[in-house]
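Q: with the input below, show me the fold.
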Amino acid sequence: MFGDVTGNNNRFEVITVSEVNFECGIAYYDCGTKPHIVVKDKNNKLFLGFEKNIICVDMSLDNIIFEKKLTSIFYEFIEVQSQNAVIAICELDIYVFNYEGKILWEMGLREVINEFYVIEDEKLCIVYDDGDELIFSITEGKVIN
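A: Predicted coordinates for the structure are as follows:
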């Protein structure tokens, strides 16, 4: 079971990955965003994002690789297969992981992320509420605009 099971939770869900016979539960407070998962079968990794948590689990060993407590609300993952990367987009932060669960880079931002998308499998574009954009290199995390 992942999440704060003693807190003020109003949602409990079970995540099942039948291909590798893995199951886990999450407890969280529903703040308007749904949990999101990315499964990497070849690496037996499960990336799970919800509320203010990102967790990576090695499903074959039933072992937590990392559990990251976030400072802002998790939005969703973007998988970029050509870069072997999983991008976690949060309200005020970006985290990029490789398929083994190692963090490649992270960035805290100055404003709330309103929109995000990948350009040509190499760049991540972040759009703020006011329309300003930042473009990052997915592999290095450098701002390129």
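Q: from here on, just use CA atoms for contacts and neighbour counts.
A: Will do.
Q: please, where are all the strands along this structure?
A: 2-3, 11-17, 22-28, 36-40, 45-50, 53-58, 63-69, 74-80, 85-90, 93-98, 103-108, 113-119, 123-128, 133-137 (DSSP state E).
Q: tell me which of these lies nearest to residue 144.
A: Of all those, it is strand 133-137 that lies closest to residue 144, at 5.7 Å by C-alpha to C-alpha.
Q: buried set for that closest one?
A: Within strand 133-137, the residues that count as buried by 16 or more other C-alpha atoms under 10 Å are 135, 136, 137.
Q: ok, the first one touching residue 122?
A: No. In this structure, residue 135 sits apart from residue 122 without contact. The criterion is C-alpha atoms under 8 Å, and the distance is 10.1 Å.
Q: in TSV, list the strands of the chain along with distance to residue 144.
A: Converted to TSV, those look like this (distance: least, C-alpha to C-alpha, whole Å):
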stretch	distance to residue 144
strand 2-3	36
strand 11-17	37
strand 22-28	36
strand 36-40	27
strand 45-50	27
strand 53-58	26
strand 63-69	27
strand 74-80	18
strand 85-90	17
strand 93-98	15
strand 103-108	14
strand 113-119	12
strand 123-128	9
strand 133-137	6
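Q: which one of those lies nearest to residue 145?
A: Of all the strands of the chain, strand 133-137 comes closest under C-alpha to C-alpha, at 5.7 Å.
Q: what sits up against the closest one?
A: With contacts defined as C-alpha atoms under 8 Å, 6 or more residues apart in numbering, strand 133-137 is touched by 122, 123, 124, 125, 126, 127, 142, 143, 144, 145.
Q: try it again with 6 Å
A: The contact list for strand 133-137 (C-alpha atoms under 6 Å, 6 or more residues apart in numbering) reads 123, 124, 125, 126, 127, 142, 143, 144, 145.
Q: go on, stretch 78-93?
A: For stretch 78-93, contacts defined as C-alpha under 6 Å, 6+ apart pick out 72-77, 94-99, 107-109, 112-113.
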